[in-house]
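Participant: how would this look folded up:
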Amino acid sequence: MNTSTKRTLSDTSAAISDLFEQGMRLSLDLLESLNASSMSTMNRMMSPSMLGGVKPKLTTMAGCSCQIPPPCWVPQPIGEVACHICPGGTATVRLRITNCGATKRDIRVEAAGATITPANLALGPMERGFVTASVSIPPDAANGQEYEVLLWVRGCNDHYLRWLVKVASRGTNCCHEVEVEDCPDPIHHWYDHFYCEHPCMH
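Facilitator: Predicted structure coming up:
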C-alpha cells in the first residue's frame, strides 16, 4: 500500500472520529436543552395561580427521606422545663394556649401534684388563653429533692410538658411560659397509611 493510500485512510478515520464526536456533543446539547425546557414547562404548569398560591419546589431525589414521623394522633411533646426552688418556695409554669382551629374548643389542663388555674378554657376560633400551674415546695424539703410533674393539655390534640422542680439551697421562685398551639391537621399525608395501633403486650 503506498503512502497516499495510507494518508487517505488516516484522514478518513480522523474525519469519521470528528463526525462521531460532533454528533455526540450535539446529542448531549439537545438532551440538556430538552431537560431545561421540560423543567421550565413544569414550573409554569405548577405556578401559584394554578395551585392556589402555593408553588412547590422541584428538587432532586438526593435529599429525599423515607423516615416516617410520629403520627399526629399520638400525644405531642411541648418540651421540658426545670426549676431550682428553695424550701418553702413556689415554682410556676404559665401555658399560653392558642386554638388555631376554625371551631370553638374546650381545653382541659391536668397535672398530678400541681395546682391548675383555671383547669378549663373555652376558646373560640383563633382565640388564646392562659393557664397557670404551680407547685409549692414544703419548708422542710431536703436539699436536692426532686419533683417531676407531667402537665397535660387536652384539646384537639393531647400535648404534654415534662416539668422538673428541684429543691436547692440557692434556688429562687421561677416562672416559665410555654407556648401551646392546639391545631387540627387537615392534611392527608402519604405516611398515614403505614400506621396501625399495636396493643401493649402486658
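Participant: can you pull out the strands in this protein?
Facilitator: Counting by DSSP state E, the chain has strands at residues 76-85, 90-99, 105-110, 115-117, 120-123, 128-136, 146-154, 158-167, 174-182.
Participant: TSV for these, including mean pLDDT and mean neighbour count?
Facilitator: Every C-beta, even on glycine, is put in place using the N, C-alpha and C of the backbone. Conversion of the strands of the chain to TSV gives the following (pLDDT from 0 to 100; neighbours: other CB atoms under 10 Å):
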stretch	mean pLDDT	mean neighbour count
strand 76-85	92	16
strand 90-99	94	20
strand 105-110	95	18
strand 115-117	96	14
strand 120-123	94	16
strand 128-136	95	17
strand 146-154	95	16
strand 158-167	94	19
strand 174-182	90	16
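Participant: average pLDDT for stretch 17-34?
Facilitator: Mean per-residue pLDDT for stretch 17-34: 74.
Participant: Return the set of buried residues in that stretch.
Facilitator: Buried residues in stretch 17-34, counted by 16 or more other CB atoms under 10 Å: none are found.
Participant: quick one on the thing from earlier: now render the strands of the chain as TSV, adding distance to H193.
Facilitator: Formatted as TSV, those follow (distance: least, CB to CB, whole Å):
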stretch	distance to H193
strand 76-85	21
strand 90-99	29
strand 105-110	28
strand 115-117	38
strand 120-123	32
strand 128-136	35
strand 146-154	27
strand 158-167	23
strand 174-182	26
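Participant: give me phi/psi at I68?
Facilitator: Per-residue torsions, I68: phi -90, psi 120 (degrees, to the nearest 10).
Participant: nearest residue to it other than its sequence neighbours?
Facilitator: Nearest residue to I68 in three dimensions, chain neighbours excluded: Y191, at 4.5 Å (CB to CB, 6 or more residues apart in numbering).
Participant: Tabulate the CA atom coordinates of stretch 108-128 in PDB.
Facilitator: Listed next in PDB are the C-alpha coordinates belonging to stretch 108-128 (Å, rounded to 0.1, in the frame of the first residue of the first chain):
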ATOM      1  CA  ARG A 108     -58.500  21.000  79.700                       C
ATOM      2  CA  VAL A 109     -55.200  21.100  81.700                       C
ATOM      3  CA  GLU A 110     -54.300  18.300  84.100                       C
ATOM      4  CA  ALA A 111     -51.300  17.600  86.300                       C
ATOM      5  CA  ALA A 112     -50.900  15.400  89.300                       C
ATOM      6  CA  GLY A 113     -49.200  17.300  92.200                       C
ATOM      7  CA  ALA A 114     -49.800  20.800  90.800                       C
ATOM      8  CA  THR A 115     -52.400  23.400  91.200                       C
ATOM      9  CA  ILE A 116     -54.000  24.400  87.900                       C
ATOM     10  CA  THR A 117     -55.700  27.800  87.500                       C
ATOM     11  CA  PRO A 118     -58.100  27.700  85.600                       C
ATOM     12  CA  ALA A 119     -58.300  24.000  84.800                       C
ATOM     13  CA  ASN A 120     -60.600  24.600  81.800                       C
ATOM     14  CA  LEU A 121     -60.600  27.100  78.900                       C
ATOM     15  CA  ALA A 122     -63.300  27.700  76.400                       C
ATOM     16  CA  LEU A 123     -61.600  29.200  73.300                       C
ATOM     17  CA  GLY A 124     -63.300  30.400  70.200                       C
ATOM     18  CA  PRO A 125     -61.700  30.100  66.700                       C
ATOM     19  CA  MET A 126     -58.100  31.500  66.800                       C
ATOM     20  CA  GLU A 127     -58.600  32.700  70.400                       C
ATOM     21  CA  ARG A 128     -55.800  32.500  73.000                       C
END
